[in-house]
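# Any chance you could fold what I've pasted below:
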Amino acid sequence: MAYVGSLSLLFAILLMAEIYGEITENYFIIWLSKPLLMPVLLLLVFLNAHHNLSAERFCLVISLSFSCIGDILLMQRRNHLFVFGLVSFLIAHISYVISFVVRLRHEGQELRRRLTISAMIVAIVPFLAYIALMLYVLCPKLQVDRDETKGLLLPVVFYIFIIV
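Okay, here's the model as predicted:
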């Protein structure tokens with residue numbers, strides 16, 4: 001189990017380097033650190049799976065893999081790769097949702113006993129507020145009649161609901 005601590009430390013160092021690179025706009029550091037974040041997490045998932053790749057872990061592997069692909073595609077800063085990067089993140093988020101649903105099926109009865117309707121409503125309010133804020137900020141920009149945003153309103157709204 002010593003590898004868990006070492007890989008966790010490596011992930012923390014890579015994460016701090018990536019954040020520092022973003023803040024200072026040091027693209028060399030970003031290009032070194034960002035593509036390694038998800039593979040390190042994947043390695044932790046595989047090493048902790050104990051040869052038991054459940055549906056939940058499988059979805060997590062898919063999610064992390066597509067997140068890594070999305071990161072790399074969006075790092076390119078090329079318009080033709082932007083949509084492919086977003087699609088990668090969309091697949092990743094859908095897979096995360098499936099992973100959480102699988103986990104809830106196994107642990108759902110205990111969770112249902114502990115959560116009341118009012119607690120669920122309180123828990124969902126921040127997410128609804130975030131969706132409303134994103135739509136408020138993005139929708140006016142997407143409704144402008146410009147060639148680069150034409151036809152993006154519905155896909156963006158769908159994407160926001162999936163990632164939130």
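
# any low-confidence regions in this protein?
Applying pLDDT under 70 to the chain flags the ranges 1-2, 49-53, 108-115, 143-151.

# Which residue ranges of the chain form strands?
Under the criterion DSSP state E, the chain contains no strands.

# domains in the chain, as residue ranges please.
2-116, 117-164 (automatic domain parsing).

# I figured E56 hits R103, correct?
Yes. Contact criterion Cβ atoms under 8 Å: E56 and R103 qualify, at 5.4 Å. All C-beta atoms are positioned from the backbone trio N, CA, C, and that covers glycine.

# how about R77, phi and psi?
Here is the backbone geometry of R77 (degrees, to the nearest 10): phi 50, psi 40.

# What distance do you get for it to H93?
Distance, R77 to H93, by Cβ to Cβ, to the nearest Å: 22 Å.

# neighbour-wise, which of these two wins?
H93 (18 against 9; other Cβ atoms under 10 Å).

# who's in contact with that one?
S63, I162, I163 (Cβ atoms under 8 Å, 6 or more residues apart in numbering).

# now the first one, nearest residue through space, not along the chain?
In space, and not counting its chain neighbours, S63 is closest to S95: 4.1 Å by Cβ to Cβ, 6 or more residues apart in numbering.

# my guess is V157 contacts L135, does it?
Yes. Counting by Cβ under 8 Å, V157 touches L135, with 6.7 Å between them.

# ok now do the residue nearest to S63, which residues does it touch?
So S95 contacts C59, L60, I62, S63, F66 (Cβ under 8 Å, 6+ apart).

# center of the protein - which residue?
For the chain, the residue nearest the mean C-alpha position is H93 (5.6 Å; Cα atoms, centre = their mean).

# can you pull out the helices in this structure?
Here the chain has its helices, by DSSP state H, at 2-24, 27-48, 55-75, 79-114, 117-143, 153-163.
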